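Novice: Structure here, sequence nowhere to be found:
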DNA sequence: GGAAACAGTATCTGTAGGACACAGTTGGCT
DNA sequence: AGCCAACTGTGTCCTACAGATACTGTTTCC
């Protein structure tokens, strides 16, 4: 399994984009890529990404481990299939509220965030250079369509798109959102102990440390989009 | 090894913060945590995070695998030590240029980015809830000190700090920056093939697709900080 | 109806993290 | 000075993982 900046293999592309030619002869396949990917997603959702092994996914389906290799060339392909399945189809452009680019971007971020929250392992697995599957590409297409009318250059739009996706990821650590304080209790204890080295952080501890339930997603998005508005205004005027 | 949202173990905290009491009797230790962590960092820098195994790190030091466990309770601790070593000490507040918060934030992002570029595996390993080591905490303290004079609330400053760190991570995929196009060649081929489903992305392919060498880091930062300025101005006025 | 093409299985290999018992080394205490 | 407890690094073992390969049984085209 690749944990490093991954180059997507050709086979994975064929898999995701339905380019694998189906055979005619031979026994009817009992399994399917969809069932396998779904089982893996369910497992990751329930017990975390570390629980997803070929063995375990196969066991959940009541098959042997090696049978999975008839549908996926390796674990990397399985993960790629998991991603596209978990991400799912984006809404249609018309379903996004309002007509301007700003409410539409806000909706895109909100909806993508909601989708991701259901699969907390996605941030770990969508990093690095990959070839996106159809669903992921469709989400990007949707955002690109929204951004097309901002008047930004293509490069700027791509920077912004990457940034917005990253912002969803950054504000995703759901485990602590809303309930636990920003700063880990043990981290807080360390800050108090070393107050001389970290006076500013130490002082911040005395404030209310309950993070907003969205981990600052809305706040950050507002900053970004205000910046976009200012850029557009500066060019227009 | 934990690839999931990791809760830092107590032992790791003791390790990072120098709370492990040294023994008096017994043979002189030949190895040290620093040597081990340094070897692991060198290895990760040269051959990627996947190459870092207990076996391999030990071999690079000409020791057996199990000897490492005298200094680290497990691989998680090793990785934690790697992070704090790789991140290193931040500059002093006085070394940041200018006096206002804006140039200082810009400098913080630039310097942290430079540090990270030398260790491309850091993004993968610094995700999720962790207890930060002293160096990482010092970087955060520095940023917090800079943000203290923005007039933002504590919650807003924490959101912004998290966001800025995330922005560095998001714009870190160095592999493609400056040289290869934004869009993977194979991804581009797929977009051309499915131009009907992805018309906007398809159209963008005809533009110049060479990403800026900083992956849009400066552009994104400008948007964020413009947003901060607008927020401050709105409250002042 | 036979042979090629396939699906799922059984078995094996290499590598990973880590537990455990050991041999040799050092310092404190009597 | 000597002895024992405490320690360092080693050797061996176990379990879990991804994956290769050879197999058995099934399907369909010729």
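Specialist: All right, it came through fine. Since we're looking at a predicted model, the values are computed, not measured.

Novice: Could you count how many residues lie near residue A:188?
Specialist: Neighbours of residue A:188 under the rule other Cβ atoms under 10 Å in any protein chain shown: 17. Glycine gets a C-beta too; all of them are placed from N, C-alpha and C.

Novice: In which helix or strand does it reside?
Specialist: Using DSSP states H and E, residue A:188 sits within helix A:185-193.

Novice: Need the contact partners of that helix.
Specialist: The contact list for helix A:185-193 (Cβ atoms under 8 Å, 6 or more residues apart in numbering or on different chains) reads A:181, A:183, A:198, A:201-202, A:205, A:209, B:8, B:10, B:13, B:17, B:131-132, B:137.

Novice: Looking at those residues, which is nearest DNA strand C?
Specialist: residue B:8 (13.6 Å; Cβ to the nearest atom of the strand).

Novice: ok, that closest one touching residue B:131?
Specialist: Yes: between residue B:8 and residue B:131 a contact is recorded at 4.0 Å, counting by Cβ atoms under 8 Å.

Novice: Identify the contacts common to the two.
Specialist: Common contacts of residue B:8 and residue B:131 (Cβ under 8 Å, 6+ apart): A:184, A:186.

Novice: Which of the residues in the helix holding residue A:188 are classified as buried?
Specialist: Judged by neighbour count using 16 or more other Cβ atoms under 10 Å in any protein chain shown, the buried positions of helix A:185-193 are A:187-188, A:190-191.

Novice: tell me the mean pLDDT for it?
Specialist: For helix A:185-193, mean pLDDT rounds to 91.

Novice: Could you do stretch A:110-117 as well?
Specialist: 96.

Novice: Kindly report the same for stretch A:147-160.
Specialist: Average pLDDT, stretch A:147-160: 95.

Novice: Show me which positions of it end up buried.
Specialist: By 16+ other Cβ under 10 Å, the buried positions in stretch A:147-160 come out as A:147-148, A:150, A:152, A:154-160.

Novice: Of those, which pair is most distant in space?
Specialist: For the buried residues of stretch A:147-160, the farthest-apart pair by Cβ to Cβ is A:148 and A:159; their separation is 14.6 Å.

Novice: Hmm, residue A:72 and residue A:78 touching each other?
Specialist: Yes: using Cβ under 8 Å, residue A:78 makes contact with residue A:72 at a distance of 4.7 Å.

Novice: Among the two, which residue is more densely surrounded?
Specialist: Regarding residue A:78 and residue A:72, a neighbour count based on other Cβ under 10 Å identifies residue A:78 as having more, with 25 against 22.

Novice: tell me the secondary structure for that one?
Specialist: helix (DSSP: H, G, I helix; E, B strand; the rest coil).

Novice: show me the contacts for it.
Specialist: Residue A:78 makes contacts with A:36-37, A:40, A:52, A:54, A:57, A:68, A:72, as judged by Cβ under 8 Å, 6+ apart.

Novice: wait, does stretch A:123-131 contact DNA strand D?
Specialist: No: against DNA strand D, stretch A:123-131 shows no contacts by Cβ under 7 Å from any atom of the strand, the least distance being 13.0 Å.

Novice: quick revisit: present the buried residues of helix A:185-193 as CSV; the columns should include distance to DNA strand D.
Specialist: Output for these, formatted as CSV (distance: Cβ to the nearest atom of the strand, whole Å):
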residue, distance to DNA strand D
A:187, 27
A:188, 30
A:190, 24
A:191, 29
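
Novice: In JSON lines, list those residues along with distance to residue A:113.
Specialist: Shown next, in JSON lines, are the buried residues of helix A:185-193 (distance: Cβ to Cβ, whole Å):
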{"residue": "A:187", "distance to residue A:113": "25"}
{"residue": "A:188", "distance to residue A:113": "27"}
{"residue": "A:190", "distance to residue A:113": "31"}
{"residue": "A:191", "distance to residue A:113": "29"}
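
Novice: and which of these is nearest to chain B?
Specialist: Chain B has its nearest neighbour among those in residue A:187, at 5.1 Å by Cβ to the nearest Cβ.

Novice: so how far is DNA strand C from residue A:152?
Specialist: The gap separating residue A:152 from DNA strand C is 44 Å, by Cβ to the nearest atom of the strand, to the nearest Å.

Novice: And residue A:195, by the same measure?
Specialist: Plainly put, residue A:195 is 33 Å away from DNA strand C if you go by Cβ to the nearest atom of the strand.

Novice: Count the neighbours of the nearest residue to that residue once chain neighbours are set aside for me.
Specialist: Distance criterion Cβ to Cβ, 6 or more residues apart in numbering or on different chains; nearest residue to residue A:195, sequence neighbours excluded, is residue A:202 at 4.2 Å. As a burial measure, residue A:202 scores 18 neighbours (other Cβ under 10 Å).

Novice: Can you list the buried residues in the strand or helix carrying residue A:202?
Specialist: Taking DSSP H and E as the criterion, residue A:202 maps to helix A:199-204. In terms of neighbour count (16+ other Cβ under 10 Å), helix A:199-204 has its buried residues at A:200-202, A:204.

Novice: can you check stretch A:105-124 too?
Specialist: Neighbour-count burial for stretch A:105-124, counted by 16+ other Cβ under 10 Å, picks out A:105-113, A:115-116, A:119-124.
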